[in-house]
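Q: fold the following.
(chains A, B and C)
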Amino acid sequence: MKEKLWKNVLAVRQQSPLVHNITNYVVMNNTANALLAAGASPIMAHGHPEVANMVSIVNALVINIGTLDEYWVESMQLAAKQANALGKPWILDPVGAGATPYRNQVLEELLTYKPTVIRGNASEIMAVARVNATTKGVDSTNSSDEALKAATILASNLHCVVCVSGATDYIVSDQQYYTITNGNQLMARVTGMGCTATALIGAFCAVNKFNALEATLAAMALMGIAGEIAAAQSAGPGSLQLHFLDTLYNLTEAEFLGHLKLESYHASF
Amino acid sequence: MKEKLWKNVLAVRQQSPLVHNITNYVVMNNTANALLAAGASPIMAHGHPEVANMVSIVNALVINIGTLDEYWVESMQLAAKQANALGKPWILDPVGAGATPYRNQVLEELLTYKPTVIRGNASEIMAVARVNATTKGVDSTNSSDEALKAATILASNLHCVVCVSGATDYIVSDQQYYTITNGNQLMARVTGMGCTATALIGAFCAVNKFNALEATLAAMALMGIAGEIAAAQSAGPGSLQLHFLDTLYNLTEAEFLGHLKLESYHASF
Amino acid sequence: MKEKLWKNVLAVRQQSPLVHNITNYVVMNNTANALLAAGASPIMAHGHPEVANMVSIVNALVINIGTLDEYWVESMQLAAKQANALGKPWILDPVGAGATPYRNQVLEELLTYKPTVIRGNASEIMAVARVNATTKGVDSTNSSDEALKAATILASNLHCVVCVSGATDYIVSDQQYYTITNGNQLMARVTGMGCTATALIGAFCAVNKFNALEATLAAMALMGIAGEIAAAQSAGPGSLQLHFLDTLYNLTEAEFLGHLKLESYHASF
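A: Predicted coordinates:
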């Protein structure tokens, strides 16, 4: 499995997939730079007269609701609808899910377009699960057991891959889940690291269209390993940003395989 | 006083206040990263359906008019109104005040929601003072004496703290003012350093709700000292950005107390 | 000629021209930082109630259509119209030209306001040439010969300078063209390097109003040389960003003249 994941990293570098990002203002620059460093080609476009056209020419779509407003929400809907219609992979990052009623309402609409992968932190994934299944009794406590349970229900209901990222990343599909325990806590002091992870998942799904689980694992592995190696060279969050991009660009197979901490489990819920 | 200011720095690190930023596109990333490096938690949200809800769950609000348009101005008004209604600290950064009639009109409306602190450069603070009191004869020359006079009148009229930042920072309340002479001129070659200062003031007011003067002093001291230490390690504006974030994250009490250049004065206007 | 170009670099540093940017969300921060590092003063403003006022007080305008939507397109039109009316230099960066019908339609309208300089990659310049002269038989293949032909026709039709950037930059005016072969391929792994080039052209046109060809050559020379020197010190795209800004700030005459690879040609089309 570890070698397979590395092959996904190589595929992104070799195929340079076009990844369309409708994302928040805070992280657009980070996202574009991380995609470029990993070998992908970012496109940002949200204008209603062209957003569906743009989805037609890209290899994957990433939607991140961080700085949403009415115009951008309509952009997201037009794009997700088109991705769904064309069978293109699209990834949802439900930033701030649960923080306001508006976010939950927007997420409810976006879920109808069947995202290929959803990635968020524990609290966001639990909020999305509540949006998806209010009546099914998903708990609102924030323990990682509860987040895993929510992710499993969500993956099953929506037939998608769900990634709960944190100190331990849980990557969940219908019947199984994996954990990745790479990364470093300094990454939480750089804005948009989660959003970057979601964008990388988009790039990996673009080159591995028929195995979103493997693509998500590869992206999260790359993210965690690059962050871990970068943090070891960094005096703080400023230098971490620099070394993270350099490491994404330079990472070798030996480093990838040597650092990867991956475990697989059968879902027991 | 110096020890008290350091305690404010520690309080931000320990309490990790939620700081809601409605700010300009250019600096959103810097702002978020500086808040994270200093220990705070940034939120960016401007959508009309949620902006007031978001103000309800945060510890402070920062409004920066840099890249304003009609939609964002309404976001700012909704948020400032809510902060005022809930008694939450909110900080105004009047970027480009005086440059166009539109900016002045927007500022006039925002001032009615009684900002806790206003931070700008000399020219901006003088323009805000003219907006606030056209008939009171505030001069339009840009000397720092005139800016201090404008700040003093503004602080008195609005019962707020006013910070005029520059080579010497003036932090002005109703009856007194302080100067801070930390910092380095290389900071002016990095975009958004002023906006970052305003965001940090937001974080400090969030953990020191009843003493906006002390909070502003602590934020400006941290800003100037971190910039000064970072500049000493930097070959240019690119490396300054990196070292500035690393220094915000790592700054020690000894460095803070050793570098701080703070003076207090009674206002004589 | 090489010494003249260096004098342009000095003029930007000495005059610190105000450069108004209506650009895409991804690169606003880069753009502002590159302008500051080179000695210019960036302004970003797009609100309809003020955008024409802002054009009146700046020295040059840069329009980049990267993340366009209906509101921003109207901002661009208002600004370009005002720049044209006031005889101020304005630079067009037709990001993604040809990718969607909407982009082409927007470009068609913007061209009526007679840009001083157009800068894009080969594919974008060819798409703009097709927009400008559908019936004139500009080929759609992407070879650099074809791009040079398209640029030459465009420069002649619009009486502007056209810059096709790539491994070799072509800077084309009505009757002649130049090539610059500085730069490094690592620059393509940092988002917004092309947008930065366009913004620098704006700064140089601002201090050299009557010779847009020389201004464009100087800007592209600075861009390529700074990128080349920075890349030599960089382990990857993260460190390239840092060293690029530091080099823009520190570049000396000896480095500029020592690195510059400039050739001039008579247009043969």
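Q: counting neighbours, what do you get for A:His266?
A: 7 (other C-beta atoms under 10 Å in any protein chain shown). Heads up, the C-betas are built off the backbone N, CA and C, glycines and all.
Q: now A:Thr181: phi and psi?
A: In this entry, A:Thr181 is assigned phi and psi values of phi -120, psi 30 (degrees, to the nearest 10).
Q: that one and B:Ser173, how far apart?
A: 50 Å (C-beta to C-beta, to the nearest Å).
Q: tell me the secondary structure for A:Ala37?
A: Here A:Ala37 takes the helix state, with states given by DSSP: H, G, I helix; E, B strand; the rest coil.
Q: ok, for it, nearest residue in space, not its chain neighbours?
A: A:Leu248 (3.9 Å; C-beta to C-beta, 6 or more residues apart in numbering or on different chains).
Q: contacts only, for the one you found.
A: Neighbour list for A:Leu248: A:Ala34, A:Ala37, A:Ala38, A:Leu222, A:Ala226, C:Gly236 [criterion: C-beta atoms under 8 Å, 6 or more residues apart in numbering or on different chains].
Q: pLDDT wise, what is it at?
A: A:Leu248 is assigned 98 on the pLDDT scale.
Q: just confirm it is within a helix.
A: Yes - the assignment for A:Leu248 by three-state DSSP puts it in a helix.
Q: return the distance of it relative to A:Cys160.
A: From A:Leu248 to A:Cys160 the distance is 25 Å (C-beta to C-beta).
Q: A:Thr181 and B:Ser173: which has the busier surroundings?
A: B:Ser173 (23 against 14).
Q: residue contacts, the more buried one?
A: Counted by C-beta under 8 Å, 6+ apart, B:Ser173 has contacts B:Ala155, B:Val161, B:Val162, B:Ala212, B:Leu213.
Q: rerun that using 10 Å as the cut-off
A: B:117, B:151-152, B:155-156, B:159-162, B:211-214, B:216-217, B:267 (C-beta atoms under 10 Å, 6 or more residues apart in numbering or on different chains).
Q: A:Val73 now?
A: A:Ile22, A:Ile65, A:Tyr102, A:Arg103, A:Gln105, A:Val106, A:Glu109, A:Leu110, B:Gly47, B:Pro49.
Q: near chain C, which residues of the stretch 51-200 of chain A? Just list them.
A: Contact residues (C-beta under 10 Å from any C-beta of the partner chain) of the stretch 51-200 of chain A with chain C: A:Val51, A:Ala52, A:Asn53, A:Met54, A:Ser56, A:Ile57, A:Val58, A:Thr67, A:Tyr71, A:Trp72, A:Ser75.
Q: ok, now with 7 Å
A: A:Asn53, A:Met54, A:Ile57 (C-beta under 7 Å from any C-beta of the partner chain).
Q: longest helix anywhere in chain A?
A: helix A:212-232 (DSSP state H).
Q: which elements pack onto that helix?
A: Secondary structure elements in contact with helix A:212-232, counted by 3 or more C-beta pairs under 7 Å, 6 or more residues apart in numbering or on different chains; DSSP states H and E, are helix A:2-15, strand A:161-164, strand A:169-172, strand A:176-180, helix A:193-207, helix A:237-250, helix A:253-259.
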